[in-house]
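Engineer: Sequence first, predicted coordinates after that:
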2 protein chains.
Amino acid sequence: MTIKLHCFGESGNAYKAALALDLSGLDWEPVFVDFFNGETRTTEYRTEINPMGEAPVMVDGDLKITQSGAIQQYVTDRTGKHGGAGDAKYEVLRWVLWDNHKLSSMAGMTRFLMNFLPEEKRPTEVIPFLQGRLKTAYQVLDGHLKGRDWIVGDGPTNADFSCCGYLFYPEPFGFDRADWPEIDRWLSNVQALDGWKHPYDLMPGNPSDRA
Amino acid sequence: MTIKLHCFGESGNAYKAALALDLSGLDWEPVFVDFFNGETRTTEYRTEINPMGEAPVMVDGDLKITQSGAIQQYVTDRTGKHGGAGDAKYEVLRWVLWDNHKLSSMAGMTRFLMNFLPEEKRPTEVIPFLQGRLKTAYQVLDGHLKGRDWIVGDGPTNADFSCCGYLFYPEPFGFDRADWPEIDRWLSNVQALDGWKHPYDLMPGNPSDRA
């Protein structure tokens, strides 16, 4: 049975799950979530898909999983791929959690505030505060990647698929690859993976649809 | 060998790991991290304990794990406890990730800004912004707990130990149990667990040490 992923192109959190599904070779298809027209706030979505009102949501037969990191773990359990071997699995999980805690959560929020909110609604003090937190996160990641091609071990894992979630997007949120040479090199490694796709190519929906 | 947890009482993230260790019956002991005197920024801590400069850090012989959710997973793997049975493990992981993404990350930051920063340094626009995000998180958790004693299944799991991380602290950050009856009832269930301890009783260090 084909796995369905409820997702949309602008969501870096959805991208983390879509990338894990795609690069693991599982049979899956995206189901477009019309987030910007309020679909995740509808009663139908909250009842049928996800009471938290979030995307992504993965449906595989009777099993429904939300949160990109949980979907990644399911993909790893199904395929044996990208989860880290032995105790390295705790390192992978650590970086997935770190990303949720310190990187993607802040990057997604900052990008939303700077690009998807009307200019007059942007909280002008909040954006630089979040960018300050993000700078610390970029420093940690860039420092860790010195001398490494991948975040954990010798090949791509969910740690990479998680931390890169928001870093390929063109909309400005204060991240410039040129400022972070190790992150830049590592992102090029991710892009060079066989079958890699940009979020706007991997999932339906992107800002030009609303232009 | 006794597991060591580098931690301090004020850290809700450390509490999540300490609570999981303690309630699982493993032999562990806390190692005090003098966060408020800058220990996590020292070269020694960054070199010997954690390059990310975070707490908690668990050390079990040669194995070192950071991020509370990864430590919880290790405890579950060691003891078979609190991880959810079968596919429920994805539900547990989902809530641990959700907590890191939406609840503890925001609550920890807001509590820090409101209580541990000098008043003149508090970013006045940021605090209400974060409290607005937190309110959405409380709504999701309160709604989920209607008709349930525990977040996943019929007993306590890492989902509970994660989401409660910051909710027992006395310092104000905009959370009042009286406003959220389902969260209040669930927190009482956690407090009623055999061996439960308040963060300031479970780990060394609390604000009165610095008064």
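Structural biologist: Received the coordinates, thanks. Numbering: from 1, shown residues only, chains lettered A, B, ... in the order given.
Engineer: Any idea how far stretch A:81-91 is from the middle of the chain?
Structural biologist: 19 Å (CA atoms, centre = their mean, to the nearest Å).
Engineer: Please apply the same query to stretch A:109-127.
Structural biologist: 20 Å.
Engineer: swap in stretch A:170-188?
Structural biologist: 15 Å.
Engineer: right, quick check: that stretch against chain B, any contact?
Structural biologist: No - judged by CB under 8 Å from any CB of the partner chain, stretch A:170-188 stays clear of chain B, getting no closer than 13.5 Å. In this view, the C-beta of every residue, glycine as well, is placed from N, C-alpha and C.
Engineer: Residues touching that stretch, excluding its own?
Structural biologist: A:107, A:110-111, A:114-115, A:131, A:134-135, A:138, A:141-143, A:145-146, A:148-151, A:160, A:164, A:166-168, A:207 (CB atoms under 8 Å, 6 or more residues apart in numbering or on different chains).
Engineer: Just the ones in helices from those, please.
Structural biologist: A:A107, A:T110, A:R111, A:Q131, A:L134, A:K135, A:Y138, A:L141, A:D142, A:G143, A:L145, A:D160 (DSSP state H).
Engineer: Might one say that the first one is in contact with A:Y166?
Structural biologist: Yes - when contacts are counted by CB atoms under 8 Å, A:A107 is listed as touching A:Y166 (4.0 Å).
Engineer: Need the overlap of contacts for those two.
Structural biologist: Counting by CB under 8 Å, 6+ apart, the residues touching both A:A107 and A:Y166 are A:G12, A:F173, A:F175.
Engineer: would you turn the residues you listed into CSV with pLDDT?
Structural biologist: Output for the shared contacts of A:A107 and A:Y166, formatted as CSV (pLDDT from 0 to 100):
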residue, pLDDT
A:G12, 97
A:F173, 97
A:F175, 97
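Engineer: Pick out the residue in chain A sitting closest to chain B.
Structural biologist: Closest residue of chain A to chain B, CB to the nearest CB: A:E125 (3.6 Å).
Engineer: Compile the ones in helices among the contacts of stretch A:170-188 into TSV and extend it with columns for pLDDT and neighbour count.
Structural biologist: TSV is the format used below for those (pLDDT from 0 to 100; neighbours: other CB atoms under 10 Å in any protein chain shown):
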residue	pLDDT	neighbour count
A:A107	97	26
A:T110	97	23
A:R111	97	20
A:Q131	97	17
A:L134	97	21
A:K135	97	15
A:Y138	98	21
A:L141	97	23
A:D142	97	17
A:G143	96	14
A:L145	98	21
A:D160	98	28
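Engineer: Intersect those residues with the contacts of chain B.
Structural biologist: Answer for these near chain B (CB under 8 Å from any CB): A:G143.
Engineer: Let me know the closest of the ones in helices among the contacts of stretch A:170-188 to A:M1.
Structural biologist: Nearest to A:M1 out of those is A:D160 (CB to CB; 27.7 Å).
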